[in-house]
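Novice: A structural model of the following input is requested.
(chains A and B)
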Amino acid sequence: MAAERNATWARRLLGLDRRVIFLLVALATALPLLLPVNLPITASPRVRAAYEAVDALPRGSYVLMSLDYEPDIMAEVQPMAIAMFRQCFRKGLKPVVLTLYPAGPGLVESALRIASTAEGAVRNKDFVFLGYKSGSQAVILGMGDGLRQLFPQDYWGTPLDQIPMMKGIQGYSQFPLVVNLSGSSIADYYIRIAATRYHRPLVLGCTAVMATDYYPYLSSGQLRGLIGGMKGAAEYESLAGLFGDARRGMDAQSLVHVIVVIFVVLGNLALFATGGLKRNPLDSGGTT
Amino acid sequence: MRSGPYVVTFLTGAVLIAIFFIPHYRAQQVQATILEWADVVYAFALILGSISLWTTHQKRIKTRAPGWIFSYVTLGALLFITTAGVVQGIDEGTMVGRLYNMVNAPLASTMFALLAFFIASAAFRAFRARNTEATLLLVTAVVMMIGRVSIGEFLWKGFPPLTEWLLDVPNLAAKRGVAIGVGLGAISTALKIILGIDRSYLGRS
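Specialist: Next comes the predicted model:
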């Protein structure tokens, strides 16, 4: 009798309307954003290495930052950009920023505006935004010594020759650090060209899905640091002493992960109770 | 003349490989120029893509295909954005800039965020411990899902080191294996094309 009751309960659970799951995920996302818990964040060695690569640069150093992403992944990567810009401005470093994505300038401009307003940095004095240039691989290669030919003026149309900060800047050799925040294979090109061919120290920030692909480059020394996904961005914010969108988002991400895990465990228990674990999964049908 | 395409392929491939290993700036300039040619090809692809988009949706409207009304939205958006971009430019404060910030950015983020809902539902229905391998995968996934977010550390201090070990040892070993395999495969395919052994790119077996 008890076994039958369990099986009925399990069958009901397995037939759970997916809209219930959607509702729970929506609540788990919205509530922590409205009522933050501020769960603890400890930086991983990879993110700490990325932070220290920037932090170790002497005041006045130039940092080449290529922000190659579009709005779809901005939740993960944009907080990294803002945190890095703010760290650079606080340390007196000079970011020279560009994007190789046509939809990138709007995001870069927004990140620069937020960071420069917060830290009191001034355009063309504390940072330069070169804008967008098509031809990803060709541009990365061309920046070896032809940065001025590729970008004769900045994003707002000021010729580089009229920007004192850009005096003498020709290519990679003037940058003791290259940073690529990317959501695509552009990261591979930077590893292949900037890090391997031109021997520039390279820090990579990417989505959580991409991050594991780049672990081998850390141990080979081609990457100095790796910031992966919103968790990596939250760790970076934590190291920089900031409380930005990534740290705010981590509470929501934590709760959603817990809900997914609970559903996976319940789903397996229910299937076990109905003896379904032994059946062919392709017979069960259903939609996601 | 039938061997012409093979000669071009061989010369282009051989020169590009050689240039990659020649650090002289002249060699780098040649490589950059050839890569710029690829940009020109992309530009033609953009024109071709726009024409294809236009004709496809025009056909859908003519034949009253299911959802044809949305084709008007697509074509209208294509025309409007192109015109606004050409007339006003694409900087901040222009129509394209405003549409980008107020429409494109939120829509793209929303589309990506929808994944969370489908992944939660799909994990509930498909993630089953049916055999040893699937159980191993499931346990690893659960450890990673909990250990890689802040709540993992809050629940048990051992979660972050455990996830670090999973990423640094089994993951790294597998990724290295895959990377070496892909690299060898790419070299072999490239050599077969350059040497004319694989001619399928010309539509021949």
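Novice: what separates the most centrally placed residue in chain A from chain B, distance-wise?
Specialist: A centroid search over chain A (CA atoms, centre = their mean) returns A:Val77, at 2.8 Å, as the residue closest to the centre. Remark: distance between A:Val77 and chain B (CB to the nearest CB, to the nearest Å) = 11 Å. All C-beta atoms are positioned from the backbone trio N, CA, C, and that covers glycine.
Novice: Now for that residue, which secondary structure element holds it?
Specialist: In the assignment (DSSP states H and E), A:Val77 maps to helix A:74-91.
Novice: how about that helix: buried residues?
Specialist: Burial within helix A:74-91, assessed by neighbour count using 16 or more other CB atoms under 10 Å in any protein chain shown, is assigned to A:74-91.
Novice: is chain A contacted by the helix or strand where B:Leu166 lies?
Specialist: Per DSSP H and E: B:Leu166 is located in helix B:159-166. Yes: Helix B:159-166 is in contact with chain A by CB under 8 Å from any CB of the partner chain, via B:160, B:164.
Novice: Ok, stretch B:71-88 next?
Specialist: No: Stretch B:71-88 lies out of reach of chain A by CB under 8 Å from any CB, never closer than 11.0 Å.
Novice: Contacts for that stretch, please.
Specialist: B:50, B:53-54, B:57-58, B:60-61, B:65, B:94-96, B:99 (CB atoms under 8 Å, 6 or more residues apart in numbering or on different chains).
Novice: where does chain A dip in pLDDT?
Specialist: Along chain A, the parts satisfying pLDDT under 70 run over A:1-3, A:277-288.
Novice: Now do the helix holding A:Val77: distance to the chain's middle.
Specialist: 10 Å (CA atoms, centre = their mean, to the nearest Å).
Novice: Which parts of chain B are helices?
Specialist: Assigned by DSSP state H, the helices in chain B fall at B:4-20, B:25-62, B:68-88, B:95-99, B:105-126, B:132-147, B:150-155, B:159-166, B:172-194.
Novice: May I see those organised as CSV, with mean pLDDT added?
Specialist: As requested, those are arranged in CSV below (pLDDT from 0 to 100):
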stretch, mean pLDDT
helix B:4-20, 89
helix B:25-62, 87
helix B:68-88, 93
helix B:95-99, 87
helix B:105-126, 88
helix B:132-147, 92
helix B:150-155, 86
helix B:159-166, 91
helix B:172-194, 93
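Novice: quick one, which of those is nearest to A:Ala121?
Specialist: Nearest to A:Ala121 among the helices of chain B is helix B:95-99; the distance by CB to CB comes to 21.9 Å.
Novice: before we move on, the earlier item: let me know which of the helices of chain B is tucked in deepest.
Specialist: helix B:150-155 (a mean of 20; mean count of other CB atoms under 10 Å in any protein chain shown).
Novice: Please export the C-alpha coordinates of it as CSV.
Specialist: Output in CSV follows, covering the C-alpha atoms of helix B:150-155 (Å, rounded to 0.1, in the frame of the first residue of the first chain):
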residue,chain,number,x,y,z
SER,B,150,28.7,31.2,-3.5
ILE,B,151,26.2,29.0,-1.7
GLY,B,152,28.5,26.0,-2.1
GLU,B,153,31.1,27.6,0.1
PHE,B,154,28.4,28.6,2.6
LEU,B,155,27.1,25.0,2.8
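Novice: Run through who's touching it.
Specialist: A:39-42, A:231, A:234, A:250-251, A:254-255, A:257-258, B:146, B:159-160, B:163.
Novice: Leaving out the residues flanking it, which one is nearest to A:Tyr190?
Specialist: Leaving aside its chain neighbours, A:Tyr190 sits nearest to A:Asn180 (4.4 Å; criterion: CB to CB, 6 or more residues apart in numbering or on different chains).
Novice: Would you check that the one you found makes contact with A:Gly205?
Specialist: Yes: applying CB atoms under 8 Å as the test, A:Asn180 and A:Gly205 come out as touching, 7.3 Å apart.
Novice: Tell me which of those two has more neighbours.
Specialist: The neighbour comparison of A:Asn180 against A:Gly205 (other CB atoms under 10 Å in any protein chain shown) goes to A:Gly205, with 32 against 25.
Novice: Any idea what that one is bridged to?
Specialist: Taking DSSP bridges, one finds A:Leu181, A:Ile227 as the beta-bridge partners of A:Gly205.
Novice: what about it, distance to B:Leu35?
Specialist: Plainly put, A:Gly205 is 25 Å away from B:Leu35 if you go by CB to CB, to the nearest Å.
Novice: Got a ChimeraX select line for the buried ones in the contacts of helix B:150-155?
Specialist: In ChimeraX, a selection of the buried entries from those looks like this (16+ other CB under 10 Å):
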select /A:39,41,231,234,250,251,254,255,257,258 /B:146,159,160,163
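Novice: Mind checking which of the contacts of helix B:150-155 are in helices?
Specialist: Of those, the ones assigned to helices by DSSP H are A:231, A:234, A:250-251, A:254-255, A:257-258, B:146, B:159-160, B:163.
Novice: got CSV for those residues, with distance to A:Val108 too?
Specialist: Compiled in CSV, the ones in helices among the contacts of helix B:150-155 are given as follows (distance: CB to CB, whole Å):
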residue, distance to A:Val108
A:Lys231, 23
A:Ala234, 21
A:Met250, 24
A:Asp251, 27
A:Ser254, 29
A:Leu255, 31
A:His257, 30
A:Val258, 34
B:Ile146, 34
B:Phe159, 35
B:Pro160, 32
B:Thr163, 32
